[in-house]
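> For reference, the sequence and a predicted model appear below.
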Amino acid sequence: MRWKVLALAGAFLVVIAAVAVVVNTRGLRGGSVHSVLLLSVDGLHQRDLAWFVSNHPSSALAALRRGGVEYTNAKTPVPSDSFPGMIAQLTGGDPGVTGVYYDDSFNRDLLAAGTTNCAGAKPGAEIGFTEDLDRDTTAIDAGQGLSGLPDNVLALTPTPSTLINPAKLPVDPATCKPVYPHSYLRVNTVFDVARHAGLRTAWSDKHPAYDILNGQSGDGVQDLFAPEINSQVPGGPADGDWTKNNASTQKYDSYKVRAVLNEIDGYDHSRTTEVGTPAIFGMNFQAVSTAQKLPSSDGLAGGYLADGTTPGLLLARALDYVDGQLAAIVDELRKKGLDRSTAIILSAKHGQSPTEPAALTRIDDKVLMEGLNAHWAATHPGAGPLVAQATNDDTMMVWLTDRSADAAGFAKNYLLGQNGVGNDISGNAKPFTASGLQSVYAGADAARYFHAAPSDPAVPDLYGVVQHGVVYTAGRSKIAEHGGPDAQDQQVALVIDSPTASNGQVVSEPVQTTQIAPTILRMLDLDPNALQAVHVEHTPELPGLAAH
């Protein structure tokens, strides 16, 4: 759950890694891989994949696994959220280098959204790269004004930055201009590198705020299809977006699949202009994620059975759906004769926790943050609120108005001292201890946790690792979340089916999803070190793939 002091102003000067972009142009597309198709099935754990393949040996997922390399110990970065998770796969960097810790975070150097008189404005701004940026948050086209929605959403612009309301963006104090998501990212992306080499790029994701994937160039993705998933479903309840009903999520995902099929056929996502199949393209699926989080949908129970491993009926249906869409994508590649020159990478931005229904403990984090502010005020007369912003899902990230070691220690000690009563999966009272936290990193310790400098204007002042099963929410509409370092949040599926891969190979050594980015470039005979984050972090390519 997101919680913040709305009155706080803010500012942050984006730090850009000073790394030259160097492209290796030897034999640009001379290898056997001409295109890389990246599919992110958000929420898909490694053990979900193993369960599905075991129970569906003739499935498309099973065929993908048999035909390529499976990494059985792949982990996402922390925080294990959609934004840092996707950015990791496409930059090769962790949040300490990319500067992106969550889709809703805080920056101490930027000015608050809407600031027009920047001289003397107080720094410190929410960085809300969510659906709230849309010109129209209720429409799947985010305010473009298309007719025939939602089914005509394929006519959506390939430049979703035009659908962002600039008045909702944080402001750069140096220029007094809004900071678009792509400008906030500190490093380049695989799309930037590919475009610099003259290759075509495309991507499909869930908000116009995924403009961030364009990278610092602002145009890394030539065809970025970003229908708004948190818009209202036509004919549905007023508060019913595409994530509140799993059948709706599947319909939403299917629009992005159609975009990918059009791109395989050599068109842009709308099938309006013939442009050639992209060298790097793909999409994310949300159907598995919502089936894991919803208590029920379409008369089916969400999540897993009591063992925490076997999918319930809703999740099993969602896995079937994704498998069917993968089959359609692979079939289209075959029809176009592209199956022997296209590598498919399947992974996930994040997992989901808890999978065991009995482990769930829901805690209202707003009460905790308000209590922290009240205790601070009582012991520091005249001081304002201590919490600038808190972003809590199944992790706790807090930015403070006072960055002193004393303030960080104060917040840590207060939170670890709070016991109370939350609720379980059935809504029954369930006690919690230490604010639901297992451990807390505060002040310089939080910066070290993320391998960031203490002076980094984006790093949280406090990072809390929750006890297994804790989800921060005031409601009862979800039974799982993501964002933390829990194994169920981080251990995701990762399979690569490439013309150069050995069939059915299993790699059990630990790998990170950041390694996907340099691997994509190597497959296309581009230099992985052209990625600034790879250059800084020395992110290796994934092992087990035969060289061209």
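Good, I have the coordinates.
> Give me the below-cutoff pLDDT ranges for the stretch 251-400 of the chain.
When residues are selected by pLDDT under 70, none of them lie in the stretch 251-400 of the chain.
> Strands along that one, start to end?
Applying DSSP state E, counting those that start in this stretch to the stretch 251-400 of the chain gives strands spanning 280-285, 296-297, 300-301, 342-347, 361-363, 387-392, 396-400.
> Need the ones you listed in CSV (columns: mean neighbour count and distance to residue 65).
To be clear about C-beta, it is placed using only N, CA and C from the backbone, and glycine gets the same treatment. Listed next are the strands of the stretch 251-400 of the chain as CSV, based on neighbours: other C-beta atoms under 10 Å; distance: least, C-beta to C-beta, whole Å:
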stretch, mean neighbour count, distance to residue 65
strand 280-285, 26, 17
strand 296-297, 18, 28
strand 300-301, 17, 26
strand 342-347, 24, 9
strand 361-363, 25, 34
strand 387-392, 26, 35
strand 396-400, 27, 35
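> Go through these and name the closest to residue 532.
Closest of the strands of the stretch 251-400 of the chain to residue 532 is strand 280-285, at 16.9 Å (criterion: C-beta to C-beta).
> The closest one - contacts with which helices or strands?
The contact analysis (3 or more C-beta pairs under 8 Å, 6 or more residues apart in numbering; DSSP states H and E) places strand 280-285 against strand 35-41, helix 190-196, strand 202-204, helix 246-264.
> now do 6 Å
If contacts are counted by 3 or more C-beta pairs under 6 Å, 6 or more residues apart in numbering; DSSP states H and E, strand 280-285 sits against strand 35-41, helix 246-264.
> Which parts of the stretch 51-200 of the chain are strands?
69-71, 74-75, 104-107, 125-128, 171-172, 177-178.
> Tell me which residues are up against the third one.
Outside strand 104-107, the residues that touch it by C-beta atoms under 6 Å, 6 or more residues apart in numbering are 2, 12, 125-128, 130, 388-389, 391, 399, 457-458.
> contacting residues around residue 283?
Contacts of residue 283 by C-beta under 6 Å, 6+ apart are 204, 256, 260.
> okay if I get those as CSV plus neighbour count and distance to residue 340?
As requested, those are exported to CSV (neighbours: other C-beta atoms under 10 Å; distance: C-beta to C-beta, whole Å):
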residue, neighbour count, distance to residue 340
204, 25, 24
256, 26, 25
260, 24, 18
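> Which of these sits closest to residue 292?
Of the contacts of residue 283, the one sitting nearest to residue 292 (C-beta to C-beta) turns out to be residue 256, at 18.9 Å.
> For residue 357, see how far away the closest residue in space to residue 477 that isn't next to it in sequence is.
Excluding its sequence neighbours, the residue lying closest to residue 477 (C-beta to C-beta, 6 or more residues apart in numbering) is residue 295, at 7.1 Å. Distance from residue 295 to residue 357, counting by C-beta to C-beta, to the nearest Å: 10 Å.
> Between the two, point out the one with more neighbours.
Between residue 295 and residue 357, counting by other C-beta atoms under 10 Å, residue 357 is the more crowded of the two (22 against 17).
> Please read off the pLDDT at the closest residue to the more buried one other than its chain neighbours from the model.
Once flanking residues are discounted, residue 357 sits nearest to residue 425: 4.8 Å by C-beta to C-beta, 6+ apart. pLDDT, residue 425: 98.
> residues in contact with residue 425?
Residue 425 makes contact with 357, 360, 479, according to C-beta under 6 Å, 6+ apart.
> what's near enough to touch the last one?
This points to residue 479. 295, 303, 360, 425.
> Remind me which helix or strand the last one belongs to.
Meaning residue 425. Assigned by DSSP states H and E, residue 425 belongs to no helix or strand.
> how far away is it from residue 479?
For residue 425, the distance to residue 479 - C-beta to C-beta - is 6 Å.
> just the contacts of residue 425 now: which is nearest residue 248?
Distances from residue 248 to the contacts of residue 425, taken by C-beta to C-beta, are shortest for residue 479, at 18.1 Å.
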